[in-house]
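A.B. asks: model this:
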Amino acid sequence: MVLEQYIQRVEEKLHLLVKKLQQVQSENVLLKEEVKTQQQELQQQQQSLQVLEDRLQLMKIASTAQGGTAVAAEDEAFKKEIRGKINDYIKEIDRCIALLNS
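C.D. replies: Okay, the predicted model is just below:
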């Protein structure tokens, strides 16, 4: 009699454990889906941020090209950077022309 009761309690606990396992597994699936959704949203936001940063860069370049006035030291640094890049491009073009002429 005592052994049967013990076995019955073990079976009950086993059923409870199986039920909890199923709950945890279903919760795990939901959490994985949520993580996937959040990762996709983060990727979209990063892409949007990159597009906005590119637009800002283009606007700064356009402003510099149009002779816009520098408001901050950051703008001056940006102008110097753009001038440096333009000078590098010109040097590279000159090298290419020299190679073509040889």
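
A.B. asks: all contacts plus neighbour counts: C-alpha atoms, from now on.
C.D. replies: Will do.

A.B. asks: Check which residues of the helix or strand bottoming out on mean pLDDT in the chain are buried.
C.D. replies: Every helix and strand of the chain was ranked by mean pLDDT, DSSP states H and E. The lowest is helix 73-101, at a mean of 83. Residues 78-79, 82 are the ones in helix 73-101 that count as buried (16 or more other C-alpha atoms under 10 Å).

A.B. asks: Distance of the most centrally placed residue in the chain relative to residue 39?
C.D. replies: By C-alpha atoms, centre = their mean, the mean C-alpha position of the chain lies nearest to residue 46, the distance being 4.4 Å. In this view, residue 46 and residue 39 are 10 Å apart by C-alpha to C-alpha, to the nearest Å.

A.B. asks: for residue 12, same thing?
C.D. replies: According to C-alpha to C-alpha, residue 12 stands 40 Å off from residue 39.

A.B. asks: now do residue 13
C.D. replies: From residue 13 over to residue 39 the distance is 38 Å, taken as C-alpha to C-alpha.

A.B. asks: can you check residue 61 too?
C.D. replies: Taking C-alpha to C-alpha as the measure, residue 61 falls 33 Å from residue 39.

A.B. asks: These two - which one has more neighbours?
C.D. replies: Between residue 61 and residue 39, residue 61 has the larger neighbour count (other C-alpha atoms under 10 Å), namely 16 against 12.
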